[in-house]
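J.: Everything below, folded, please.
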Amino acid sequence: MSTQIKTTTKAAMVRKILSREKGATLLEMSKATGWQQHSCRAFLTGLRKSSRIHKEQRGDGKLAYRLEIAPAAVAPAEPTAAR
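T.: Numbers count the residues shown, from 1 in each chain. Sure thing, here's the model as predicted:
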């Protein structure tokens, strides 16, 4: 019987912390992944192609980034027949 180890990629870790309500600063992303801050910025640039990212100024003056959570897909309403 073999055991499977579930690995989490660094990209998945960054997406997870960016999905938090408060988002994440470059320093938080860097600490979570071990990446340099310029690498975190490059990752954000690539992520902007497929996701929407908000920049927010926190109360402590730090700039935080946050992924916009896409609303659940809602089935379109059926059109009513005109009489």
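J.: Doesn't residue 66 belong to a strand?
T.: Yes - the assignment for residue 66 by DSSP: H, G, I helix; E, B strand; the rest coil puts it in a strand.
J.: Could you check how far it is from residue 29?
T.: Separation of residue 66 from residue 29 (CB to CB, to the nearest Å): 12 Å. Heads up, the C-betas are built off the backbone N, CA and C, glycines and all.
J.: quick one: common contacting residues for those two?
T.: Here residue 66 and residue 29 have residue 18 as joint contacts, going by CB atoms under 8 Å, 6 or more residues apart in numbering.
J.: With neighbour numbers in mind, choose between those two.
T.: Each of residue 66 and residue 29 has its neighbours counted (other CB atoms under 10 Å); residue 29 has more, 23 against 18.
J.: Low-confidence regions, this protein specifically.
T.: 1-2, 70-83 (pLDDT under 70).
J.: what's the lengthiest helix in the chain in contact with?
T.: Secondary structure of the chain read by DSSP state H shows that its longest helix is helix 37-47. Contacts to helix 37-47, defined as CB under 8 Å, 6+ apart, come from residues 11, 14-15, 18, 26-27, 29-30, 33, 35, 53, 65, 67.
J.: Filter the residues you listed down to just the buried residues.
T.: Among the contacts of helix 37-47, those classed as buried by 16 or more other CB atoms under 10 Å are 14, 18, 26, 29, 30, 33, 35, 65, 67.
J.: Nearest residue to the second one in space, please, no chain neighbours.
T.: If I follow you right, that is residue 18. In space, and not counting its chain neighbours, residue 18 is closest to residue 67: 4.3 Å by CB to CB, 6 or more residues apart in numbering.
J.: residues contacting the one you found?
T.: By CB under 8 Å, 6+ apart, the contact list for residue 67 reads 15, 18, 19, 23, 47, 51, 52, 53, 54.
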